[in-house]
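Trainee: Return atomic coordinates for the entry below.
(4 chains)
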Number of protein chains: 2
Amino acid sequence: MTSGTLNPTSGPSSRSEASSSRDVLTRLRTDIVSSVFGPETRLKFADMTKRYDVSIGTLREALSQLSSEGFVTVEAGKGFKVSPVSAVELIEITDHFISFEKRAVREAIVHGGEDWEANIVAVHHRLSLIEGLPWERRMERHSEWVERHREFHEAIVAACPGRWLFRLRSIMFDQLDRYRFVTKRAPEGLGGRKFEEHREIMMATLARDADLASALIEQHIRDTSERALKLL
Amino acid sequence: MTSGTLNPTSGPSSRSEASSSRDVLTRLRTDIVSSVFGPETRLKFADMTKRYDVSIGTLREALSQLSSEGFVTVEAGKGFKVSPVSAVELIEITDHFISFEKRAVREAIVHGGEDWEANIVAVHHRLSLIEGLPWERRMERHSEWVERHREFHEAIVAACPGRWLFRLRSIMFDQLDRYRFVTKRAPEGLGGRKFEEHREIMMATLARDADLASALIEQHIRDTSERALKLL
DNA sequence: ACTCTTTCCTTTTTCGAAAATACGAATACT
DNA sequence: AGTATTCGTATTTTCGAAAAAGGAAAGAGT
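Mentor: Numbering: from 1, shown residues only, chains lettered A, B, ... in the order given. From the prediction side, this is the model:
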């Protein structure tokens, strides 16, 4: 692309790396997380190429990578299908994530600098812009919420120096997103609490209160997972 | 298992799934682990296609998946290169792996049945066949040793019911393999101890002594990593 | 002398067709 | 009647060429 006039927030994938390959990967993952393709659904190339308007090869690459991330399973010769979901898996993922996240936030609080703090505030603000909306309007922008929610939690632990700890927690977070989705349809009264919880997490983190932040995060995640568990 | 007559050591990749795609993935990973391509090396398609005798597309898929696993990094438009190695990363990976493995072995000991036990004995025997060899002969079959070593440690924790725990420990194990390789050139006197350690781990596990097995494994891994750390 | 632009060459990225493989139905055989 | 075999269809897997993008060197302009 020669003319760089338009790009700021439009373009593919929102994050730096362009290339339609990276883009289709993101879109496909989003569609799986959003249950556009339910668990166990076979992902046929013929349908997919039309839906995403990319070639077979490009699609195959994306699917292949998604299998590394655990979103799809692949059986040689039989193609790809969306990984199954189960209550026991949700419980396991939740436990792992909480374990990682608690350690990561502790590390981040120790090592975080001014940029880290500033980014948390900024990203939290972006998140609150959607969470403060009335129920219906918020639902309209649900996919944006998912993205900003991810960014918020990521910002909290971004200063964690352990790159693998960060990576592992991100893998688990993405998996949780899949289950989190089922709470989308939950009654608004319960979900509304999240708004305050995020604020509390932010405050505790900026106050460098590792114990409190850690406890709030655990409660926050466990609560969401338990709600998902009932709706499963 | 369907037809168990021939399989034990034949075919590509030793594990079930065939397809040259899966095969090139394994070979490429092995070559990176074995430092055939050192850290930071650019992996050009032109060279790779000749080396592995597969098409660009197939290779790209393998590379792409390897990037999910953390062995290669990819920058859009600039291609793939082997991930760097560092002492701090080794330390982090070691800690994560030990943490996972200790939990996994506990779980395995609780849930493992007769098949699990039998498989441990069988795989350990295969490993000991190489480890019992005199130094030079053993070095000749080093790549086989790597594979059997992996199979042994995997067998120990195979009965762990937490699939993500199993998966996470496997990711870390593969990463460790990369660093473990540098100890290949270590003097024989030190490496010889491993032979006994593996046996002790097996015995403790079969005796269902979780505390002992757990401690032995920690010592075993930490020792190897520390040796690698010095040679780095 | 330095910087910016243009051009060429290398490498990556994408594509869709061709080959290989698995699945299912219909037919033949015991 | 039940089982095995063969054939046809649907899908996946692999391939290499065409398009896009990046990087380096030469040339023009200040």
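Trainee: from chain A, which residue is nearest to chain B?
Mentor: Here the residue of chain A nearest chain B is residue A:68; by Cβ to the nearest Cβ that distance is 3.5 Å. For the C-beta atoms, the positions are set from N, CA and C on the backbone; glycine is no exception.
Trainee: got the contact list for stretch A:93-105?
Mentor: A:153, A:156-157, A:160, A:162, A:165-166, A:168-169, A:172-173, A:175-176, A:179, A:205, A:210, A:213-214, A:217-218, A:221-222, A:225, B:164-165, B:168 (Cβ atoms under 8 Å, 6 or more residues apart in numbering or on different chains).
Trainee: buried ones in it?
Mentor: A:93, A:94, A:95, A:96, A:97, A:98, A:100, A:101, A:102, A:103, A:104, A:105 (16 or more other Cβ atoms under 10 Å in any protein chain shown).
Trainee: can you put those in TSV and add pLDDT and secondary structure?
Mentor: Compiled in TSV, the buried residues of stretch A:93-105 are given as follows (pLDDT from 0 to 100; DSSP: H, G, I helix; E, B strand; the rest coil):
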residue	pLDDT	secondary structure
A:93	98	helix
A:94	98	helix
A:95	98	helix
A:96	98	helix
A:97	98	helix
A:98	98	helix
A:100	98	helix
A:101	98	helix
A:102	98	helix
A:103	98	helix
A:104	98	helix
A:105	98	helix
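Trainee: who in chain A is up against chain B?
Mentor: Residues of chain A lying close to chain B by Cβ under 8 Å from any Cβ of the partner chain are A:16-19, A:22, A:57, A:60-61, A:64-65, A:67-70, A:75-77, A:89, A:92-93, A:96, A:162-165, A:167-168, A:172, A:175.
Trainee: Not counting its neighbours along the chain, what's nearest the closest residue to DNA strand D within chain A?
Mentor: As assessed by Cβ to the nearest atom of the strand, DNA strand D sits closest to residue A:79 within chain A, at 3.1 Å. Once flanking residues are discounted, residue A:79 sits nearest to residue A:42: 6.5 Å by Cβ to Cβ, 6 or more residues apart in numbering or on different chains.
Trainee: Give me the phi and psi angles of the one you found.
Mentor: Dihedral pair for residue A:42: phi -80, psi 140, per degrees, to the nearest 10.
Trainee: residues in contact with it?
Mentor: A:79, A:80, A:81.
Trainee: ok, the second one - contacts?
Mentor: Contacts for residue A:80 (Cβ under 8 Å, 6+ apart) come out as A:42, A:43, A:63, A:66, A:67, A:72, A:73, A:74.
Trainee: Skipping adjacent residues, who's closest to the residue of chain A closest to chain B in space?
Mentor: Using Cβ to Cβ, 6+ apart, the nearest residue to residue A:68 is residue B:68, at 3.5 Å.
Trainee: Is the one you found in contact with residue A:71, as I believe?
Mentor: No. Counting by Cβ atoms under 8 Å, residue B:68 stays clear of residue A:71, with 11.0 Å between them.
Trainee: Done for today, thanks.
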